[in-house]
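Any chance you can model this:
(one chain, ligands or ions: 1)
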Amino acid sequence: MEQQIQLLAQLAAVDEQLDELHDELGDLPQEVKKLETLVKERLMEVETTNQALADLDHLRATAHVTMQESQDKEQRLSKQQFQVKNNREFDAITKEIEHLKHERATLEERLRTAGVREENLRQTLAQQDTLLAEAKEKLTDKERELAELSGDHNDEMRKYIDVRLKLIAKLDDSLEVEYERIRQFHSNAAVAIRRNSCSGCYSAIPSQRIMEMKYQRDKMYTCENCGRILFTDDVEAEIDAVMEEHS
Ligand SMILES: [Zn+2]
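Numbers count the residues shown, from 1 in each chain. Below is the predicted model:
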């Protein structure tokens, strides 16, 4: 049992490292995802502005033909107006002519303001390009950070998992099950007694009980307050020693 409790202490030390490694990646994957979304959004903004500029070009390129077509149509309608059979037809053509005139006025207004609009759009585009470049740079940095971390990270993980498997192979199945059961509630399922207290929940352990633990090495003790497996500080395992012993 003494060896079993030592194994548990070693397992706890290894699991602490594994938990830390797991936390280390932390928010990084999420930050990368957020930046990816930001880049996409900014790319869409740039595309929208580019589209508006293209629309403006199209408007200018076709304005002459559109105007001519509208004027030709108005001329034809004006001629027709003299051949109508009743007031209703006359009014309908009048309305159509008014509509054409209104359309041309709108087009003329848009052409008149096209220069200013283009200038505004180009300014907007320049700002959006800068923002996009910034977001892309941040994303590249974070992606690199994540890739580097994941690489080292995986190597280290593998080392600890390897030792963990060796420890578990030596540990009694019932103890392993109990340890894993407690792990569901407390990541540190087996803890040392420090300053006469459980180092998991800091509740005091009677010194009588600590004495008992030191002399009865064949019994497993748990904290009455939090349920964690307890071991005396002389059993506590140092991670470097654990790794050296088992690699
Ligand atoms: Zn406790």
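
Just give me the longest strand of the chain.
Across the chain, the longest stretch assigned as strand under DSSP state E is strand 190-194.

Helices of this protein, start to end?
Counting by DSSP state H, the chain has helices at residues 2-25, 28-81, 87-170, 173-183, 207-215, 239-246.

can you pull the buried residues of the shortest one?
So the one you mean is helix 239-246. Buried residues in helix 239-246, counted by 16 or more other C-beta atoms under 10 Å: 242-243. The way it works is simple: take the backbone N, C-alpha and C, and place the C-beta from them, glycine included.

what angle do it and helix 2-25 make?
Angle between the axes of helix 239-246 and helix 2-25 is 120 degrees (criterion: axes from the mean of the first three to the mean of the last three C-alpha atoms, to 10 degrees).

Please shift the residue numbers so they start at 42 in all later answers.
Okay, using 42 as the starting number, the last item reads as helix 280-287.

what's the angle from helix 280-287 to helix 128-211?
For helix 280-287 against helix 128-211, the angle by the same axes, to 10 degrees is 70 degrees.

Which neighbouring elements make contact with helix 280-287?
helix 43-66, helix 128-211 (3 or more C-beta pairs under 8 Å, 6 or more residues apart in numbering; DSSP states H and E).

average pLDDT across the first one?
Helix 43-66 comes out with an average pLDDT of 90.

do stretch 125-141 as well
Averaged across stretch 125-141, the pLDDT comes to 93.

ok, now stretch 94-105?
Averaging pLDDT along stretch 94-105 gives 95.

contact partners of it?
Outside stretch 94-105, the residues within contact range by C-beta atoms under 8 Å, 6 or more residues apart in numbering are 148, 151-152, 155, 158-159, 162-163, 166.

coming back round to it: out of the helices of the chain, which gets nearest to Val232?
helix 43-66 (7.0 Å; C-beta to C-beta).

Now do the buried residues in the closest one.
By neighbour count on 16+ other C-beta under 10 Å, the buried set for helix 43-66 is 45-59, 62.

for that helix, the distance to its chain's centre please.
Distance, stretch centre to chain centre, for helix 43-66: 29 Å (C-alpha atoms, centre = their mean, to the nearest Å).

what's the distance between Leu52 and the ion?
Per C-beta to the ion, to the nearest Å, Leu52 is found 18 Å from the ion.

now swap in Met284 and tell me
Met284 is 27 Å from the ion, by C-beta to the ion.

That residue and Val204 touch, don't they?
Yes - the pair Met284 and Val204 qualifies as a contact (C-beta atoms under 8 Å) at a distance of 6.1 Å.

Sketch out the low-pLDDT regions of the protein for me.
In the predicted model of the chain, residues 42 satisfy pLDDT under 70.

In the record's domain split, what are the boundaries for it?
Domain segmentation of the chain under automatic domain parsing yields 43-64+210-287, 67-198.

just those domains: most buried one?
Among the domains of the chain, domain 43-64+210-287 has the highest mean neighbour count (mean count of other C-beta atoms under 10 Å), at a mean of 16.
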